[in-house]
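Enquirer: no sequence for this one, just the structure:
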C-alpha cells in the first residue's frame, strides 16, 4: 500500500509539472516518513545525497556533455550532412539518407539527443523540404534520427544507466553501437516504405562529382577520429570511460580551434550548458536513490521477483508487457527519470527472466528514445517543430512511422538478445 501511495504521489506531482527531481525526492521522503521515523529519514538525507554521486563513473557524464557542446560549436554537423549528400544525393531519398547518416555520425560524438535533433532540424529538414519532401517526412525522420544520440556511443544516457544499474560503464557504452546501427537502418526502411505507393515522397537530390565527394568525405573525417579516440580506446581497454571522455573533450576543443570557431563566448556557453545539464542529472540521481531506498523498505521489488519466477508464461510475454509499460511511461517522463525510477526495481525482475543487465540497458534506452518522439511530451518533436517553424502535431504525425519501427526493433531485441550483447562479450 505504501509503495502504491508513493507511485500515485509521484505521478500526481509530475502531472502538475513539478520538476522531475523534486517529484521523485518528495515521493521518496513521504515513503520514508510513512515507514520510519523523522530521525531515520534525516539520517538517510545526510548519507544518500553524497554517496549517490561519489561514483567515479559519474564524472564521465559532464565530460561527455561538454564534448557534445564542443562538437556543436565546431559545426561538424554541416560537414557530415554535406558528405552524406555528396555520396547519396542522386539516389531517391538521398537527402533523407544523408540526414540519417549525419545523425548517426553526430550521435557518435555527442551523446545528446535534443542537441542532435535541434542541429539536424536547422540544416537537414529545411533542405529536404526545399527539395520536395513532405514536411511530415522531413521533420519526422529528423526528430527520430536525433534519438540515436542516446544509443550510439558515447552516450550520457548509457553511462547514467550503467551507474544506476551498477553495470560496467565500458561494456554499456560498447553495447550501444550495434543496436544503434540497427535502429538507423530501421528508420531508413520506415522512410522508404511510402515509396511503394508514391515514389515522389522521397525525391532524388543533386549529383556530385567524384572530386566533390572526396572533398566532402575528407572534411567530415574528423568525426571518425574522435569516435575512435573515445570508443575505440574503451573497447580495447586502453583507458577508462572517464579518461576517454576527457580525451574526447580535448580532441573536440582542438577541432573547434582548427575549424576557426573557437571563441570565449562559445566556450562560456558550452560550459554553462554543461553545468545546467549535469546539475539536472545529478539532482535526479540523488532523488532516485532516496526514492529507491524508501521503495526497498516496502519489499515490493522482492515480491515482484518471486511473482515473476512463479509465472508459467514465457519470458518473452513478460518482456512485451514491460515494453508496453515503458512506452506509456515515455508519454509522460524523460529518459533520465524513467531509468532512475524503474531500473533499480526491475533489474532483479529482468534477471529472473534470464536477460542480461547490459541487454536491459539497451532495451530501456530504446524505450526512452521512443518516448522522445511520442505525444504528448516528445521532447525531440518540440525541438524540431520550434527549429523548423512547423506545427508540433505535424511533426508528431511524421514521427509516428519511425516510432513504430523502433518498437519493432525492440521486439526483435527481446526475441534475439544476443544481438545486443555480442559486441561487449567479445571485448
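Expert: Structure's in. What do you need? Fair warning: this is a prediction, and the values are worked out from it, not measured in the lab.

Enquirer: Can you show me the helices along the stretch 301-427 of the chain?
Expert: 315-330, 335-352, 357-371, 379-388, 392-415, 418-425 (DSSP state H, counting those that start in this stretch).

Enquirer: what is the orientation angle of the last one with helix 392-415?
Expert: Computed by axes from the mean of the first three to the mean of the last three Cα atoms, to 10 degrees, the angle separating helix 418-425 from helix 392-415 equals 80 degrees.

Enquirer: Report all helices and strands that helix 418-425 contacts.
Expert: helix 169-175, helix 177-192, helix 357-371, helix 392-415 (3 or more Cβ pairs under 8 Å, 6 or more residues apart in numbering; DSSP states H and E). C-beta here means a position set from N, CA and C on the backbone, and glycine is covered the same way.

Enquirer: buried residues in it?
Expert: For helix 418-425, the neighbour count (16 or more other Cβ atoms under 10 Å) marks 419-421, 423-424 as buried.

Enquirer: Give me the pLDDT value at residue 364.
Expert: Residue 364 carries a pLDDT score of 92 in this model.

Enquirer: Okay, it and residue 159: tell me how far apart.
Expert: Separation of residue 364 from residue 159 (Cβ to Cβ, to the nearest Å) stands at 13 Å.

Enquirer: what's the answer for residue 320, then?
Expert: Distance from residue 320 to residue 159, by Cβ to Cβ: 28 Å.

Enquirer: From residue 240, how far out is the residue lying closest to residue 180 once chain neighbours are set aside?
Expert: Counting by Cβ to Cβ, 6 or more residues apart in numbering, residue 180 lies nearest to residue 152, which is 3.6 Å off, once chain neighbours are set aside. For residue 152, the distance to residue 240 under the criterion Cβ to Cβ works out to 20 Å.

Enquirer: Which of those two has more residues huddled nearby?
Expert: Neighbours per residue (other Cβ atoms under 10 Å) separate residue 152 from residue 240, with residue 152 holding more: 30 against 17.

Enquirer: Can you pull the phi/psi pair for the more buried one?
Expert: Per-residue torsions, residue 152: phi -70, psi 130 (degrees, to the nearest 10).

Enquirer: How about the contacts made by it?
Expert: 104, 107-108, 176-177, 180-181 (Cβ atoms under 8 Å, 6 or more residues apart in numbering).

Enquirer: for the chain, which helix is longest?
Expert: Identified as the longest helix of the chain according to DSSP state H is helix 264-297.

Enquirer: That helix versus helix 335-352: what angle between them?
Expert: 40 degrees.

Enquirer: Tell me how far helix 264-297 lies from the chain's centre.
Expert: For helix 264-297, the separation from the chain centroid amounts to 16 Å (computed by Cα atoms, centre = their mean, to the nearest Å).

Enquirer: Kindly report the same for stretch 43-60.
Expert: Worked out by Cα atoms, centre = their mean, stretch 43-60 lies 23 Å from the chain centre.

Enquirer: residues in contact with it?
Expert: Here stretch 43-60 has contacts from 29, 32, 159, 162-163, 169, 240-242, 244-245, 282, 285-286, 288-290, 293, using Cβ under 8 Å, 6+ apart.

Enquirer: rerun at 6 Å
Expert: Under the criterion Cβ atoms under 6 Å, 6 or more residues apart in numbering, residues 159, 163, 169, 241-242, 245, 282, 285-286, 289-290, 293 lie in contact with stretch 43-60.

Enquirer: By neighbours, which of those wins?
Expert: residue 241 (30 neighbours).

Enquirer: burial count for residue 257?
Expert: Counted with other Cβ under 10 Å, residue 257 comes out at 11.

Enquirer: Could you quantify the relative orientation of the strand or helix carrying it and helix 264-297 as an angle?
Expert: Here residue 257 sits within helix 241-258, counting by DSSP states H and E. When the same axes, to 10 degrees is applied, the directions of helix 241-258 and helix 264-297 differ by 160 degrees.

Enquirer: in helix 241-258, what's buried?
Expert: Applying 16+ other Cβ under 10 Å to helix 241-258 flags 241-249, 251-253, 255-256 as buried.

Enquirer: circling back to that earlier point, which of the helices and strands packed on helix 418-425 sits closest to residue 13?
Expert: helix 357-371 (18.5 Å; Cβ to Cβ).

Enquirer: Name the residues that touch the closest one?
Expert: Helix 357-371 is contacted from outside by 147, 150-151, 157, 161, 165, 167, 171-172, 175, 179, 326, 330, 335, 338-339, 350, 403, 406, 410, 413, 417, 420-421, 424, using Cβ under 6 Å, 6+ apart.

Enquirer: Compute the inter-axis angle for that helix and helix 392-415.
Expert: 160 degrees.

Enquirer: quick check, distance from helix 357-371 to the centre of its chain.
Expert: Taking mean C-alpha positions (Cα atoms, centre = their mean), helix 357-371 and its chain are 9 Å apart.

Enquirer: tilt between that helix and helix 177-192?
Expert: 30 degrees.

Enquirer: Show me the shaky parts of this structure.
Expert: 110-112, 301, 427 (pLDDT under 70).

Enquirer: Among the contacts of residue 152, the buried ones, what's the PyMOL command?
Expert: This is the PyMOL syntax for the buried subset of the contacts of residue 152, where burial follows 16+ other Cβ under 10 Å:
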select buried, resi 104+107+108+176+177+180
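
Enquirer: before we move on, back to that, format the helices and strands packed on helix 418-425 as CSV; extra columns: distance to residue 38.
Expert: Formatted as CSV, these follow (distance: least, Cβ to Cβ, whole Å):
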stretch, distance to residue 38
helix 169-175, 37
helix 177-192, 46
helix 357-371, 35
helix 392-415, 43
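
Enquirer: Nearest to residue 299 among these would be which one?
Expert: Per Cβ to Cβ, nearest to residue 299 of the helices and strands packed on helix 418-425: helix 357-371, 21.7 Å.

Enquirer: Quick one: classify residue 231 as helix, strand or coil.
Expert: Here residue 231 is recorded as helix under DSSP: H, G, I helix; E, B strand; the rest coil.

Enquirer: tally of neighbours for residue 322?
Expert: 20.

Enquirer: Ok, residue 193 next?
Expert: 12.

Enquirer: how near is it to residue 263?
Expert: Counting by Cβ to Cβ - residue 193 and residue 263 are separated by 44 Å.

Enquirer: Next: residue 404.
Expert: For residue 404 relative to residue 263 (Cβ to Cβ), the value is 43 Å.

Enquirer: Please apply the same query to residue 396.
Expert: Counting by Cβ to Cβ - residue 396 and residue 263 are separated by 36 Å.
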